[in-house]
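K.L.:
3D model of this:
(chains A and B)
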Amino acid sequence: MHKVLLLIVVPLLSYGFWLSDAFKGIAAGVSIFLFGMLSLEQGFKAFTGGVLERILQKTTDTAWKSFGFGFLSAALMQSSGLVSVITISFLSAGLLDLVAGIGIIFGSNLGTTTGAWLIAGLGLKVNISTYAMPLLVFGVLCVFQSGKQLKGIGYILTGLGFLLLGIHYMKESFEAFENTINLAEYAMPGVKGLLVYTAVGIIATIIMQSSHATMLLTITAVSVHQITYDNALALVIGANIGTTVTAIIASFGANIQGKRLAGSHLFINLLTGIFVLFFIKQFGIAVDIISANLGIAVSDNAMKLATFHSLFNLAGIVLFFPFINQQILLLERIFIEKRPAIFKPKYLDSSAMDFPETVVESVRLESIHLYENAIHIILRTFGLRKSDLQKNDSLKQLIERNNHPIEYDIDASYEKRIKGIYSAIIAFISRAGFTWEMAQSSKLSWLREANKHIVEAIKDTKHLQKNWTRFRTSNNQATINEYNKIAYQIVFHIQQIDNFRHEIESNELPLLSLDTLKATIKNDDMQMNRAIETLIREQKITPETGSSLINDAAYMRNIKKNLLKAAETLFLHSNTGNARAEQQLTLNETEINDVVQTVDNQ
Amino acid sequence: MKIEKLLQKLQAFFNTDKHKKRQHIEELRKILLKLKKKERKITRALQQIDNDNLSKHYQTELEIIRVQRKKGIEVLQQLKERKKI
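P.N.:
Got it, this is the predicted structure:
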């Protein structure tokens, strides 16, 4: 679906760019703005688990505190849009919960009205876009530092810089439109005027990306009587609704919580707007009374407009602030989180709990299920599928032929294929407890260990994947060969474990076959390290690449060891006919080392 | 008749250890035979392959089987000697 959308949007955008420079500027502005959001989020993530979390926790642990935080931030930054954008990035980074986020939105709605007072009272407007350049310069400087926190600050500064730059580009590109919106020419009385001017306010704010800009135009126009006071009130209502578009744009790059917050912002401002439109006359009277008490002259429409702006937002707070929890419930219904299909346990049935033997067998079968999923992940990391294991001789060629970059998201696959099952197994074992006889308890304990080995193997694969992806497209053939060798040896090992499973089924001395697998791990490790040393000595690879290879060879060894340990517990469950006699013939560590040495000397 | 049955049971009881030893020797013999067959099979396979990795793996397997067989024969001899005593 996303790909289809992309195919439609790209030609449309390209056509738009060809058609109009202003459109190009607007699109670039939106892109820069969204990039700023991503950068901001990355920056805040650097502080998770540290100072920022503690500060935010203390300042936003109740809805009222969040409200205060939002009010102060918006009053200082002179932009409710910017506050909501930052709040969305806080939410996306998991630093805030939705209650605190909505509290901040309420606070910022009121905080931003201080701007109207400043415009009306002092004619002052803080032009935030001028801060973009120094923010970007200082931000990039910090990003290039090695410290995690400095980097984080760098990302926050560049993020803010890009946000402001994005807004700046949008404004610049809309200059032509701004000139055409001459409010004085279109005064309109009655309900029609109210609705039309609210719409104009919304559109103007969306276009200019700033309710402050609309407020500035409105207050200026009303102060010189270019528009009527009633039309100006409608424009203010429209500006308040239109300002939510900044948060909506920001939420495109945010997670579901961010989207919910943007939804909440729109919900609060839109419903407040509708409410005020219904009771516009009463609000007009209230503004007159308050203005009179504040000593504002009856003819000073600019100051009265600022009073209306504050009163209007205060009404929204009174109406909706007590219902934050209900709002969250509604938002959770509208914005449903799409979870990836997660693999569920197949064999862990609570009815099995009654019998110790069935518990052990259920856990064993489920652990095999987990093992199969782990094998899927490992094979996919190297661009292979389970069916490829049947192609005995061509495995090596298959790995070598896959010379394009393989982008496989192990983390996502872990979440999907492993985490749910692994957690269920651990929970099942814990529930079963250790109240039974020792035999069952120790079997469960072994199975738990086997599961740990499986997970360890995936973690090592993840570590290995980084260099495997990086070096496979290297210009150095020797490096590529070594990495292909690592992949081949892991896959070959998996294949051998599969054979070992078949040997158990056909009772072909599986216990004794384990010795070969153990010896092969040692042998491969020795050969690999020797090959790397030779390559460094002969200057076929750099020492840096060599050290990476040595580390990755260690990961390979651990993956193989972990898989073998897991397989030993999972598949050698039932005693084969000759198990006792077989056990007598298995080799100890020293004997295996001797075999490895002998083979090496051959 | 009853005494006869009782005597048979007693004899079986006193011969349990001997029976187990015999069974153990049989098991070992079977394993050694299987190992021998496996060794031959791998030797044949080794002559036919030209894959270095696979060849190294088979060589390791052969050497492992060789040591396991040696160990098995020693255990078997010990058991036989104990049986004589």
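K.L.:
what's the closest non-adjacent residue to residue A:359?
P.N.:
In space, and not counting its chain neighbours, residue A:359 is closest to residue A:432: 4.9 Å by C-beta to C-beta, 6 or more residues apart in numbering or on different chains. In this view, the C-beta of every residue, glycine as well, is placed from N, C-alpha and C.
K.L.:
Tell me how many other residues crowd the one you found.
P.N.:
By other C-beta atoms under 10 Å in any protein chain shown, 19 other residues sit near residue A:432.
K.L.:
how near is it to chain B?
P.N.:
Using C-beta to the nearest C-beta, to the nearest Å, residue A:432 is found at 35 Å from chain B.
K.L.:
List the contacts of the residue most central in space within chain B.
P.N.:
Most central in chain B under C-alpha atoms, centre = their mean is residue B:28, positioned 1.9 Å from the mean C-alpha point. Each residue near residue B:28 by C-beta atoms under 8 Å, 6 or more residues apart in numbering or on different chains is listed here: A:581, A:584, B:72, B:75, B:76, B:79.
K.L.:
Most neighbours among those, please name it.
P.N.:
That'd be residue A:581 among the contacts of residue B:28, by other C-beta under 10 Å, with 24 neighbours.
K.L.:
Next, work out how far apart that one and residue A:200 are.
P.N.:
93 Å (C-beta to C-beta, to the nearest Å).
K.L.:
Please write out the alpha-carbon positions of stretch A:230-245 in PDB.
P.N.:
The C-alpha coordinates for stretch A:230-245 follow below in PDB (Å, rounded to 0.1, in the frame of the first residue of the first chain):
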ATOM      1  CA  ASP A 230     -16.700  40.400  14.600                       C
ATOM      2  CA  ASN A 231     -14.800  39.200  11.500                       C
ATOM      3  CA  ALA A 232     -11.600  39.600  13.500                       C
ATOM      4  CA  LEU A 233     -13.000  37.300  16.300                       C
ATOM      5  CA  ALA A 234     -13.700  34.700  13.700                       C
ATOM      6  CA  LEU A 235     -10.200  35.000  12.300                       C
ATOM      7  CA  VAL A 236      -8.800  34.400  15.700                       C
ATOM      8  CA  ILE A 237     -10.900  31.200  16.100                       C
ATOM      9  CA  GLY A 238      -9.700  30.000  12.700                       C
ATOM     10  CA  ALA A 239      -6.100  30.700  13.600                       C
ATOM     11  CA  ASN A 240      -6.500  28.700  16.700                       C
ATOM     12  CA  ILE A 241      -7.800  25.700  14.700                       C
ATOM     13  CA  GLY A 242      -5.300  26.200  11.900                       C
ATOM     14  CA  THR A 243      -2.300  26.100  14.200                       C
ATOM     15  CA  THR A 244      -2.900  22.400  14.900                       C
ATOM     16  CA  VAL A 245      -1.700  21.600  11.400                       C
END
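K.L.:
tell me the mean pLDDT for that stretch?
P.N.:
Averaging pLDDT along stretch A:230-245 yields 86.
K.L.:
where does it sit relative to the chain's centre, distance-wise?
P.N.:
34 Å (C-alpha atoms, centre = their mean, to the nearest Å).
K.L.:
Looking at chain B, what residue ends up closest to chain A?
P.N.:
In chain B, the residue that lies nearest chain A is residue B:27 (3.9 Å; C-beta to the nearest C-beta).
K.L.:
Make sure the residue nearest to residue A:359 is actually in contact with residue A:444.
P.N.:
Yes: under the criterion of C-beta atoms under 8 Å, residue A:432 makes contact with residue A:444 at 6.4 Å.
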